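Trainee: what's the 3D shape of this:
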Amino acid sequence: MPYNHFSRRFLPKRPPLRRINSISTFYLLDYRTRQAELGLDYGPPRAQLSDAKFVFQDGKWQGESGLSHRPPLLQLFSSHDREQSCKVMKKENKALLEENNYLKLQLELLMDMLTETTARLHKVEKKMDIPTWHTKIKKPNKVLMLKS
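Mentor: Just a heads-up that it's a prediction; the model follows:
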């Protein structure tokens, strides 16, 4: 019998035993002591977008220099950039509305065509005395009631 690596039994090597390290006692300390020892006081979240720096305080993003009269994201763009992006968005919105109206019209036409075709099918079936497709579907004799 030829030898191949599929014919031998899989015997993984045992990992070396772990050395027991001393267990940390930080979990025994109260929260404030752990905070002081480990430096867990991070302060409020900060972010920098472009050249503007923001701080999250009192549930709101504010400019790092203090309270600002404009929302943080508006500080990033000049008024001209905002106007341009607003015009572009309005143009895209109008195009999407027109496309949506066109698709609604197409759907309505397709539904009308389906209704007309179904009516013709029923008319042909009636002339040829063929049972309609919905009478071939078996209906259960019993009605199941759900108990609450």
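Trainee: Strands of this protein, residue ranges please.
Mentor: Residue ranges of the strands in the chain, as given by DSSP state E, are 46-49, 52-57, 60-63.
Trainee: So for S85, which of those strands sits nearest?
Mentor: strand 46-49 (15.8 Å; CB to CB). The way it works is simple: take the backbone N, C-alpha and C, and place the C-beta from them, glycine included.
Trainee: Neighbouring strands of that closest one in the sheet, and parallel or not?
Mentor: Here strand 46-49 is paired, per DSSP bridges, with strand 52-57 (antiparallel).
Trainee: ok, back up a step: I'd like the strands of the chain written out as TSV, with distance to G39, mean neighbour count and mean pLDDT added.
Mentor: Below are the strands of the chain laid out as TSV (distance: least, CB to CB, whole Å; neighbours: other CB atoms under 10 Å; pLDDT from 0 to 100):
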stretch	distance to G39	mean neighbour count	mean pLDDT
strand 46-49	17	11	84
strand 52-57	20	15	84
strand 60-63	25	15	82
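Trainee: With distance to R14 as extra columns, can I get those in a markdown table?
Mentor: Shown next, in a markdown table, are the strands of the chain (distance: least, CB to CB, whole Å):
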| stretch | distance to R14 |
| --- | --- |
| strand 46-49 | 49 |
| strand 52-57 | 51 |
| strand 60-63 | 54 |
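Trainee: Please name whichever of these is nearest to M89.
Mentor: Proximity to M89 (CB to CB) singles out strand 46-49 among these, at 20.0 Å.
Trainee: tell me which helix or strand of this protein sits lowest on mean pLDDT?
Mentor: helix 72-75 (a mean of 58; mean pLDDT, DSSP states H and E).
Trainee: so which of the strands of the chain comes closest to H80?
Mentor: The closest of these to H80 is strand 52-57. By CB to CB, the value is 17.2 Å.
Trainee: Let's see the pLDDT reported for P140.
Mentor: P140 is assigned a pLDDT of 62 by the prediction.
Trainee: May I ask you to name the longest helix in this structure?
Mentor: Once the chain is assigned using DSSP state H, the helix that runs over the most residues is helix 79-128.
Trainee: Let me see the mean pLDDT of it.
Mentor: Averaging pLDDT along helix 79-128 gives 91.
Trainee: packing partners for it?
Mentor: Packing partners of helix 79-128 (3 or more CB pairs under 8 Å, 6 or more residues apart in numbering; DSSP states H and E): none among the helices and strands.
Trainee: I am finished for the moment; much appreciated.
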